[in-house]
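Trainee: Just the structure for this:
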Amino acid sequence: MSGTALSFEKTKEWLLVDCGEATQHQILKSDHAAYHLGIICITHIHGDHCYGLPGLLASMSMSGRREPVNLIAPKKVIEFVHSTMSLTDLSLNFNLYCYAIENTEQQLHMAHCDIDIIELQHRVASYAFKITERCIPKKLHIDKLRAQGVESGPHYNQLQKGRDVNYKGQRLLAEHFTYDSWQARTVIVCGDNERPELLKPYIADVGVLIHEATFTESDLLKVGAHTGHSDAKRVAKFAQQNQVPQLILFHFSVRYHGDGKLKELKQEATHWYSGHLLLAEDFGSHVVVKHLCEE
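Mentor: Predicted coordinates for the structure are as follows:
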């Protein structure tokens with residue numbers, strides 16, 4: 001089962017990438033509420049990434065969700081959802097806005113983030129999502145305001161909220177007197193992919209890369225390249241070469257399930273990557289580092 005949750009600053013809304021069969025049961029045990037799930041991104045058609053979607057949508061509706069939900073997915077996944085809804089007589093209490101990746105512009109602008117869609121290579125069409133946060137709280141250029149003779153007052157608060165104001169006969173534009181509190185944080189979450197280098201045009205400003213490492217290099221050689229998956233060495237080398245600050249590996253073969261069985265895979269990744277490495281585990285959480293902006 002696959003599923004990666006991303007929460008946004010100062011809102012209860014969150015985003016889910018992929019929805020394996022038991023996802024809604026895991027959500028019940030997590031700090032997230034299905035009621036607040038606003039965006040669902042599906043990387044590809046394979047069942048371990050989408051079979052849980054109809055049930056999750058039904059549960060969201062039953063929980064009282066009324067706000068629209070955005071589904072970004074391959075066309076076949078959207079057809080799967082609509083067919084299941086039709087065959088099971090399921091109606092939702094919210095609008096489900098569907099974006100078929102094949103017919104969608106490369107970047108989507110959502111309320112709390114921008115989403116770039118990146119084509120990967122797998123046995124079927126597979127995609128990554130580059131997610132960049134929006135709506136970052138603003139700070140004021142106090143020195144600029146004072147230099148222009150703008151004294152402190154309620155208009156300061158309006159400018160900080162991004163609103164242009166009139167002050168003693170002059171129009172003050174919020175964009176001229178404010179700046180972001182921190183640099184926009186960016187995460188890439190990948191579907192199944194055998195060629196990490198396809199991320200190269202998108203990786204420069206990424207703080208966290210979440211990528212599958214289904215095998216170690218030696219095990220992948222035994223199994224064969226036909227799987228369309230990556231090994232830990234391949235991903236770690238890419239992250240190292242492109243100076244990715246934080247790397248999270250996931251989607252491990254069942255051969256590594258059990259106490260201590262991920263040790264070899266982690267050792268392989270650590271040998272080729274010197275940044276902050278994590279191996280995903282159920283209910284694990286990670287805070288993406290903020291880099292504060294200076295006035």
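
Trainee: Could you use CA atoms for every contact and neighbour count after this?
Mentor: OK.

Trainee: Quick check, Val165 in contact with Leu172.
Mentor: Yes: Val165 lies in contact with Leu172 (C-alpha atoms under 8 Å); the separation is 5.3 Å.

Trainee: give the contact list for Cys50.
Mentor: For Cys50, the contacting residues are Asp18, Cys19, Gly20, Glu21, Ile42, His44, Val77, by C-alpha atoms under 8 Å, 6 or more residues apart in numbering.

Trainee: That one and Leu37: what is the separation?
Mentor: Between Cys50 and Leu37 the distance, using C-alpha to C-alpha, to the nearest Å, works out to 16 Å.

Trainee: State the number of residues packed around Gln240.
Mentor: Using other C-alpha atoms under 10 Å, Gln240 has 16 other residues around it.

Trainee: Now the phi/psi pair for it, please.
Mentor: Main-chain torsions, Gln240, degrees, to the nearest 10: phi -70, psi -50.

Trainee: okay, now the closest residue to it other than its chain neighbours: neighbour count?
Mentor: Using C-alpha to C-alpha, 6 or more residues apart in numbering and skipping the chain neighbours, the partner closest in space to Gln240 is Tyr273 (5.1 Å). Neighbourhood size, Tyr273 [other C-alpha under 10 Å]: 24.

Trainee: how about the strands of the stretch 51-200 of the chain, start to end?
Mentor: Secondary structure of the stretch 51-200 of the chain (DSSP state E, counting those that start in this stretch): strands located at 69-73, 96-100, 107-109, 113-119, 127-133, 138-140, 165-167, 170-172, 178-180, 186-190.

Trainee: Turn those strands into CSV, including mean pLDDT and distance to Glu217.
Mentor: Formatted as CSV, those follow (pLDDT from 0 to 100; distance: least, C-alpha to C-alpha, whole Å):
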stretch, mean pLDDT, distance to Glu217
strand 69-73, 98, 30
strand 96-100, 98, 34
strand 107-109, 93, 33
strand 113-119, 97, 23
strand 127-133, 97, 22
strand 138-140, 91, 46
strand 165-167, 91, 60
strand 170-172, 90, 59
strand 178-180, 89, 42
strand 186-190, 98, 19
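
Trainee: Export the ones you listed as TSV, with columns for distance to Arg234 and mean neighbour count.
Mentor: What follows is the strands of the stretch 51-200 of the chain, written out as TSV (distance: least, C-alpha to C-alpha, whole Å; neighbours: other C-alpha atoms under 10 Å):
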stretch	distance to Arg234	mean neighbour count
strand 69-73	26	21
strand 96-100	30	15
strand 107-109	27	13
strand 113-119	18	20
strand 127-133	17	22
strand 138-140	39	20
strand 165-167	53	12
strand 170-172	52	12
strand 178-180	36	20
strand 186-190	14	23
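
Trainee: okay, the ones you listed in CSV with distance to Asp231 next?
Mentor: Shown next, in CSV, are the strands of the stretch 51-200 of the chain (distance: least, C-alpha to C-alpha, whole Å):
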stretch, distance to Asp231
strand 69-73, 25
strand 96-100, 29
strand 107-109, 29
strand 113-119, 19
strand 127-133, 17
strand 138-140, 41
strand 165-167, 55
strand 170-172, 54
strand 178-180, 38
strand 186-190, 14
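
Trainee: Which among those is found nearest to Asp282?
Mentor: Nearest to Asp282, of all the strands of the stretch 51-200 of the chain, is strand 186-190, at 16.3 Å by C-alpha to C-alpha.

Trainee: who wins for proximity to Ser285 among the strands of the stretch 51-200 of the chain?
Mentor: Closest of the strands of the stretch 51-200 of the chain to Ser285 is strand 186-190, at 13.9 Å (criterion: C-alpha to C-alpha).

Trainee: partner strands of the closest one, parallel or antiparallel?
Mentor: strand 127-133 (antiparallel), strand 208-212 (parallel) (DSSP bridges).

Trainee: outside of the first one, which residues touch it?
Mentor: When contacts are taken as C-alpha under 8 Å, 6+ apart, the neighbours of strand 127-133 outside the stretch itself are 8, 41, 43-44, 112-121, 184-192, 202.

Trainee: Perfect, I'm done here.
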